[in-house]
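K.L.:
Build me a model:
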Amino acid sequence: MSRMPTIAVIAVLVASGAATSAANDRPARSGWYLGASLGVGQVSDLRQEGWNQDTFCYPDAACFDEVPLPNIPGYRWHYDIAVDRGAAFELSFGRFFGRTRLELTLAQQANDTRQMFTGVTYQDGVAIRPRTSGTVASNGHGTIDQRLVRSVSLDAYYDFPDAWGTISPYVGVGFGQAFVEFAGVRFASDYRNTMAAVEAYDPPLSFYNSVQDADLDDTALVWRLHAGADYALSRKSAIGLRLTWSETGDIKAVSGYETHPMHGINPAFTNTNAFSGARH
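P.N.:
Prediction:
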């Protein structure tokens, strides 16, 4: 699961009318209202796991010296993704029902990311042994620009009107659907000979190079927990501070390559990446 916690927001609520509270005889919010929120979103590290069905043995691996070349079941790779603090924004439309209210919320949160490679194996999890006598070095590097989450949810709140004078605390819970995008997912690998006297390869080392540049996205369920307080500016408006914890499900996306040696066998060759596991 992916958790997006501790989003501190300033919310402005505009109600369509006012009613009288029996407890303290003060005007209480009632009717329909609109809200807008802006704040900071903090996401903890994520885990990325990807895999494909690439059947090639690469010239920096021990299998490259085997005759005949073995059957490769594919590859599996792992990254940790550090997520920077980012901006969170919401628009909401709701209605009061006494001390409770229901709210339809559109939310967006964007966070820059930093991808850190942690390992690669064959598809079945077997470690890739290096080619000890070889002179070929591989240079693989990947980046992800941004994680963007857009969601729509139905949230329910319970208010404690004027619990502290003109300040009304509340708690809430929500459930909905999120669209999660990892923008600018890039990977490139290239192979070169480290010896001064270049050893000839057939096919040439450049044949094994690969490039991917894609945006990965998927939808997932989202649930939210809220705690906050509003300060009444007038009978029809309030401003407040809220902390929201939201959690989205894991996502999985399939994408292709711009360049890959498997294109000679399957021009539509793809890989799969899954993102999960945020902790904070």
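K.L.:
Could I get the full set of helices for this structure?
P.N.:
In the chain, no helices are defined using DSSP state H.
K.L.:
Point to the residue nearest the middle of it.
P.N.:
residue 147 (4.7 Å; Cα atoms, centre = their mean).
K.L.:
Can you list the low-confidence ranges for this structure?
P.N.:
1-29, 196-198, 277-280 (pLDDT under 70).
K.L.:
bridging residues for residue 115?
P.N.:
Beta-bridge pairing of residue 115 under DSSP bridges involves residue 81.
K.L.:
Quick one: neighbours of it, just the number.
P.N.:
19 (other Cβ atoms under 10 Å). Heads up, the C-betas are built off the backbone N, CA and C, glycines and all.
K.L.:
give the contact list for it.
P.N.:
Listed by Cβ atoms under 8 Å, 6 or more residues apart in numbering, the contact set of residue 115 reads 48, 79, 80, 81, 142, 143, 144.
K.L.:
My guess is the second one contacts residue 48. True?
P.N.:
This points to residue 79. Yes. Judged on Cβ atoms under 8 Å, residue 79 makes contact with residue 48 at a distance of 4.1 Å.
K.L.:
more neighbours, the two?
P.N.:
Between residue 79 and residue 48, counting by other Cβ under 10 Å, residue 48 is the more crowded of the two (24 against 21).
K.L.:
Look up which residues are beta-bridged to the more buried one.
P.N.:
Beta-bridge partners, per DSSP bridges, of residue 48: residue 79, residue 275.
K.L.:
which residues in the stretch 51-200 of the chain form strands?
P.N.:
For the stretch 51-200 of the chain, the strands defined by DSSP state E, counting those that start in this stretch cover 75-83, 86-97, 100-122, 136-159, 167-193.
K.L.:
Reformat these as CSV; add distance to residue 210.
P.N.:
Formatted as CSV, the strands of the stretch 51-200 of the chain follow (distance: least, Cβ to Cβ, whole Å):
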stretch, distance to residue 210
strand 75-83, 11
strand 86-97, 30
strand 100-122, 13
strand 136-159, 9
strand 167-193, 5
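K.L.:
Buried ones in stretch 103-122, by neighbour count?
P.N.:
103, 105, 107, 109, 110, 111, 113, 115, 122 (16 or more other Cβ atoms under 10 Å).
K.L.:
swap in stretch 134-147?
P.N.:
Going by 16+ other Cβ under 10 Å, stretch 134-147 has these buried residues: 134, 136, 138, 142, 144, 146, 147.
K.L.:
for stretch 195-214, same thing?
P.N.:
205, 208, 209, 210, 212, 214.
K.L.:
Between the two ends of it, how far is it?
P.N.:
End-to-end distance for stretch 195-214, by Cα to Cα, to the nearest Å: 34 Å.
K.L.:
wait, doesn't residue 188 sit right on residue 260?
P.N.:
No. Contact criterion Cβ under 8 Å: residue 188 and residue 260 do not qualify, at 10.9 Å.
K.L.:
which residues do these two both contact?
P.N.:
210, 211.
K.L.:
Settle it for me: which of the two has more neighbours?
P.N.:
Set residue 188 next to residue 260 and count neighbours by other Cβ under 10 Å: residue 260 wins out with 23 against 16.
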